[in-house]
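Colleague: Curious how this folds, go ahead:
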Amino acid sequence: MYSEWTSFSTTVDLVEMVLAKSEPSIAAHYDTMLVHEEDAVSLGKHVRKIHANTESTILDLTGHTMLGEDNAVLQRQLQVRNPYVDCLNILQAETLLRLRNCNDAEEEKILKDALLTTITGIANGMGNTG
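Modeller: Alright, predicted model coming up:
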């Protein structure tokens, strides 16, 4: 079906690209650092399980061993992007945690500036690859 129906294969390829660009481990890190309500923790785990199941299904449909393996441009973009954006995500989670616990106006201003910097950096990094 994947190889015979162009519209189906195009849709599957787009889902594969979106999955390749996503980082469930980063989402889990945000959850670990910032999420404390049981229902929210459960929801995050459930979404990551759906992601893993969808990834497995896409790999089965395409016959690939890794997401986006036949897209050299995407692989290169992710290889360049991820080390920078992943670090910014980790810094952002730490900054958000510190902001939640901050009781000092001067420190809060510095943390908000740092948060805006991480937001801008992540947005710029994601803007090039999705």
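Colleague: Contacts made by the least confident helix or strand in the chain by mean pLDDT with the rest, please.
Modeller: Ranked by mean pLDDT, DSSP states H and E, the helix or strand of the chain with the weakest confidence is helix 105-129, at a mean of 92. Where contact means Cβ atoms under 8 Å, 6 or more residues apart in numbering, the residues beyond helix 105-129 that reach it are 21, 74, 77-78, 81, 84-85, 88-89, 91-92, 95-96, 98-99, 102. Where you see a C-beta, it was placed from the backbone N, CA and C, and this is true even at glycine.
Colleague: what do you get if the cut-off is 6 Å, keeping everything else the same?
Modeller: By Cβ atoms under 6 Å, 6 or more residues apart in numbering, the residues outside helix 105-129 that reach it are 21, 77, 81, 84, 85, 88, 91, 92, 95, 98, 99, 102.
Colleague: What of stretch 65-84?
Modeller: For stretch 65-84, with Cβ under 6 Å, 6+ apart as the criterion, the contacting residues are 16, 19, 20, 125, 129.
Colleague: Please repeat the previous calculation with a cut-off of 8 Å.
Modeller: Taking contacts as Cβ under 8 Å, 6+ apart, the residues outside stretch 65-84 that touch it are 16-17, 19-21, 23, 55, 58-59, 64, 121, 125-126, 128-129.
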